[in-house]
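S.K.: need a 3D model of the following:
(2 chains)
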Amino acid sequence: MASRIFDRLAAEKGAQMEAIFRQVDSLKEDTMARARQICRLAALLHDTGHCCFSHAAESVIHKDSDHESMSVNILCQPEFLGTILTNEYFEGCPQLTASLIMPGSDFAPQLQLLRDIVSGQVDADRSDYLLRDSLHCGVDYGRFDHLRLIECLTCWQDEDSEQLTMAINRDGVHSFESLILARYQMNTQVYYHRLRRIYDYYLKRYFESLGKQLFDTPEKVLEWNDIKATNQLFLDANDSSSAGYKWASRIVNRKHHKDVFSLDEGDGPHSVKIAKKVAIAIQSENTDIDFIVDLPDKPISIHKIARDDEDDNLLDDFPLIERNRKTSLGERSQLMKHLPKTFRIGYIFANIDDSKKRNEVATRCRQLGSDLS
Amino acid sequence: MALELEYRWEHALVAVTIEAAAERCSECSLEKSTIQKLVYFLKILKVPMSYRFDMHPNGPSCPDIYDDIEWLLAEEVIENIENSSSQSNYKPSNSIADIKDEFKNQLESYLPIVNDVCDSFGELIPSTLQPITTLDFAYRWVKAGGGDGPWKAESVRKFKSIEKEKYSDSEIDNLYSKLVDAQLVTL
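M.R.: Numbering: from 1, shown residues only, chains lettered A, B, ... in the order given. Below is the predicted model of the structure:
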């Protein structure tokens, strides 16, 4: 996907791209080939630091950092990929690739276009995983016409600063809207589905129970792939003396807590606060029931397109090119004017098998929610 | 009961940045864009954070900070003392002590850097911070070209190509000095 996007942009604006990229020290020779290479490498390797089951294990394993820091370590350290990438490609290749994944103080603003391809509004990763996850989950709403979208991508050069950023031609507005809708649907109906959330919670607790010492070096993170973790999970589910038995058996036997209260997609931060109070109150009224509270600590982003009514120029103004003039996608797209930028989904889960009792607790939660509002 | 509602380090960092800037900004409005720029400077000075900034001539951008400010408002860690929804002026609020207490150890290490940045830039109004971030952009553009410097002359040339005749040489010199004093750029 990253290669397709890069090639599409290069086909239209290759000369401009080359002139700007060449200003970066390590890209003075073989400019376009090297730029394409680091773009592909960043797209390919940016999640190398993920441990088994992706984000589910991240908070346990990378308590003080995140998977991208781990990816950058793996990319740059000589004992992992650092030496290989330098020998195979060029001096400075690992560091430049890392700067596209985690831009820091050494990030070259000339490479913002490549950063947009790796992590932006229409980046290769998100475009790719929506299609892939949609296929594997057997749902159609994550699909969008990615080939048409790529065909309509272009880049925009700021006249004064010379900086290149990704943009879209007027004809691509509807393809872009499809991507954002797909993202919205997949987030609300798959990624934040109540079952996925509760099993993510079990996975997180399961990995915690195994102990952080199992994941405290990049070598161990790389060693603990999904196959090894799944195998261990099944072993622990059948061994009641194992540290991870409690959580592994729930996952393997599909014996999960049920939701008794949930946020609506459109709820704001105030509703999250109310839900937090509901959780505390319902627990104090039912001390014999095991509750799990899963509320978002920040809104989940769908898009970041600025609109006219925004009070601050903090969000991206994704450039829309119309007859060689730059306008704003936020102004042109009727859909983007109405689609929420973020949403919040959260749940209170309870370990209650009896459906009558569960309904009673759910009703009480709703009542508490209403009273506390 | 498991309550999955912990503050993150970034919440604490943004909160203390707002507190430190507000102390130095009694007469001016502390807007979201100002906070974003101050946090960007902290990132440059190697304060750990998960924010990723994209670089643009009009300043660095990271919409995740916007989300965290919203969260801090809801948790009453900060408040917006402007009554209008279209304007913002943030100040610390009642619950800031809780979050500072939760991250006491990390804050001990990084609060001096927050204070240094706010000493250098906290009282600056957005219209002054804007050219400073543009100058920072120009510096990083020039420095990416390699070599050992000096960077100032080229950076100023790049700045002028972006801002045209908007600022006099002495004003630019003054802005550059502020970046040097804060150890964000070198000569």
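
S.K.: flag every buried residue along stretch B:14-34.
M.R.: The neighbour-count check on stretch B:14-34 (16 or more other CB atoms under 10 Å in any protein chain shown) flags B:14-22, B:24-25, B:28, B:30-34 as buried. C-beta: built from backbone N, CA, C; applies to glycine.

S.K.: what's the answer for stretch A:273-285, then?
M.R.: A:K273, A:I274, A:A275, A:K276, A:V278, A:A279, A:A281, A:I282, A:Q283.

S.K.: and these, which is the shakiest by pLDDT?
M.R.: Taken together, the buried residues of stretch A:273-285 show their lowest pLDDT at A:K273, with 83.

S.K.: touching, that residue and B:V77? I think so.
M.R.: No. Applying CB atoms under 8 Å, one finds A:K273 not in contact with B:V77, separated by 11.8 Å.

S.K.: tell me who's in contact with A:V122.
M.R.: Counting by CB atoms under 8 Å, 6 or more residues apart in numbering or on different chains, A:V122 makes contact with A:I5, A:D116, A:L149, A:L153, A:M166, A:I168, A:F176, A:L179.

S.K.: pull the contacting residues for the third one.
M.R.: By CB under 8 Å, 6+ apart, the contact set of A:L149 is A:V122, A:S127, A:G172, A:S175, A:F176, A:S178, A:L179.

S.K.: ok, the most centrally placed residue in chain B - contacts?
M.R.: The centre of chain B sits closest to B:L38, judged by CA atoms, centre = their mean, with a distance of 0.9 Å. Counting by CB under 8 Å, 6+ apart, B:L38 touches B:T17, B:A21, B:V117, B:C118, B:F121, B:G122.

S.K.: tell me the phi and psi of whatever residue of the stretch 201-350 of chain A ends up closest to chain B?
M.R.: Residue of the stretch 201-350 of chain A nearest chain B, by CB to the nearest CB: A:P269 (3.0 Å). Main-chain torsions, A:P269, degrees, to the nearest 10: phi -60, psi -30.

S.K.: that one contacts B:E70, correct?
M.R.: Yes. Here A:P269 reaches B:E70: they are 5.8 Å apart, a contact under CB under 8 Å.

S.K.: shared neighbours of those two, which are they?
M.R.: Common neighbours of A:P269 and B:E70, counting by CB under 8 Å, 6+ apart, are A:P299.

S.K.: can you tell me how far the residue most central in space within chain A sits from A:A43?
M.R.: When CA atoms, centre = their mean is applied to chain A, the residue found nearest the centroid is A:R126 (7.4 Å). From A:R126 across to A:A43, the span is 11 Å (CB to CB, to the nearest Å).

S.K.: now swap in B:G122 and tell me
M.R.: For B:G122 relative to A:A43 (CB to CB), the value is 38 Å.

S.K.: give me the element A:Q283 is part of.
M.R.: Assessed by DSSP states H and E, A:Q283 sits inside helix A:269-285.

S.K.: can you name the residue of the stretch 101-250 of chain A nearest chain B?
M.R.: A:A108 (3.3 Å).

S.K.: what's the burial count for that residue?
M.R.: 26 (other CB atoms under 10 Å in any protein chain shown).

S.K.: once you drop chain neighbours, what's closest to it?
M.R.: Once flanking residues are discounted, A:A108 sits nearest to B:A144: 3.3 Å by CB to CB, 6 or more residues apart in numbering or on different chains.

S.K.: redo the buried residues of stretch A:273-285 as CSV? Include distance to A:K204.
M.R.: Formatted as CSV, the buried residues of stretch A:273-285 follow (distance: CB to CB, whole Å):
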residue, distance to A:K204
A:K273, 23
A:I274, 25
A:A275, 20
A:K276, 19
A:V278, 22
A:A279, 18
A:A281, 25
A:I282, 22
A:Q283, 20
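
S.K.: and which of those residues is nearest to B:A153?
M.R.: Closest approach to B:A153 among the buried residues of stretch A:273-285 (CB to CB): A:K273, at 52.8 Å.

S.K.: now do the contacts for that closest one.
M.R.: B:A74, B:E75.

S.K.: so who does the closest residue to A:I274 other than its chain neighbours touch?
M.R.: Spatially, and ignoring its direct neighbours in sequence, A:I274 is nearest to A:L372 (5.1 Å; CB to CB, 6+ apart). Residues counted as contacts of A:L372 (CB under 8 Å, 6+ apart) are A:I274, A:K277, A:V278, A:A281.

S.K.: how much space is there between A:L372 and chain B?
M.R.: Applying CB to the nearest CB, to the nearest Å, the value for A:L372 to chain B is 14 Å.

S.K.: A:S175 contacts A:L147, correct?
M.R.: No. Contact criterion CB under 8 Å: A:S175 and A:L147 do not qualify, at 9.0 Å.

S.K.: the more surrounded of the two?
M.R.: A:S175 (21 against 11).

S.K.: skipping its backbone neighbours, what lies nearest that one in space?
M.R.: A:L149 (3.9 Å).

S.K.: okay, and the one you found sits in which element?
M.R.: Using DSSP H and E, A:L149 falls in helix A:146-151.

S.K.: what helices or strands is the helix or strand that that helix is followed by leaning on?
M.R.: Using DSSP H and E, the helix or strand that follows helix A:146-151 in sequence is strand A:153-157. Helices and strands touching strand A:153-157, by 3 or more CB pairs under 8 Å, 6 or more residues apart in numbering or on different chains; DSSP states H and E, are helix A:2-21, strand A:164-169, strand A:319-322.
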